[in-house]
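> Got a predicted structure here, sequence first:
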Amino acid sequence: MIRTIAKRLTRAATTMVGVSLIAFAIRLASDDPVEKMIAECESHGESNCAAQIEIIQVAHRLEKPIWQQYVLWVAVDVPTLIGHQNRSCLSFECPLFAAGEAA
């Protein structure tokens with residue numbers, strides 16, 4: 001009985017990790033918001049684009065290695081998104097895109 005429960009819990013945990021890795025990979029494969037902001041900044045002729053880009057990268061944790069981004073995404077962003085009252089996160093105002101801030 002305990003062995004069966006242990007097997008099922010192991011399978012469930014493995015499935016959850018696999019699904020989270022796939023979701024994170026999809027997040028990485030989407031358009032880079034920093035590149036869009038660079039183009040917008042340069043199109044307006046602003047001179048401090050580099051400083052703004054650095055701020056954006058730090059806010060979105062893009063300067064960290066991929067494995068750290070994944071750990072922070074699982075530990076901070078996903079629980080924030082799940083606990084968010086308004087579940088439609090289609091803009092950068094969504095807590096998923098905030099720099100680890102709670103909703």
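Done, it's in.

> domain assignment for the protein?
By the record's domain assignment, the chain is partitioned as 1-30, 31-62, 64-103 (automatic domain parsing).

> Name the residue closest to the centre of this structure, please.
Using Cα atoms, centre = their mean, the residue of the chain that lies closest to the mean C-alpha position is Trp73, 4.8 Å off.

> Any figure for the gap between Leu62 and Met37?
Distance of Leu62 to Met37, given as Cβ to Cβ, to the nearest Å: 11 Å. Backbone N, C-alpha and C define where each C-beta goes, glycine included.

> right, and the helix or strand after the host helix or strand of Thr15?
In the assignment (DSSP states H and E), Thr15 maps to helix 2-29. Using DSSP H and E, the helix or strand that follows helix 2-29 towards the C-terminus is helix 33-43.

> What mean pLDDT does that next one get?
Averaged across helix 33-43, pLDDT comes to 76.

> Quick one: list the elements packing against that helix.
Helix 33-43 sits against helix 49-59, with contacts defined as 3 or more Cβ pairs under 8 Å, 6 or more residues apart in numbering; DSSP states H and E.

> Tell me the pLDDT of Thr14.
93.

> Lowest mean pLDDT across the domains of the chain, which one is that?
domain 64-103 (a mean of 64).

> what packs against the helix holding Thr15?
By 3+ Cβ pairs under 8 Å, 6+ apart, helix 2-29 packs against helix 66-72.

> Which elements pack onto the helix it packs on?
Using 3+ Cβ pairs under 8 Å, 6+ apart: helix 66-72 touches helix 2-29.

> For the helix it packs on, buried residues please.
The neighbour-count check on helix 2-29 (16 or more other Cβ atoms under 10 Å) flags Phe24 as buried.

> ok, now stretch 54-70?
So stretch 54-70, judged by 16+ other Cβ under 10 Å, has buried residues 56, 60, 69-70.
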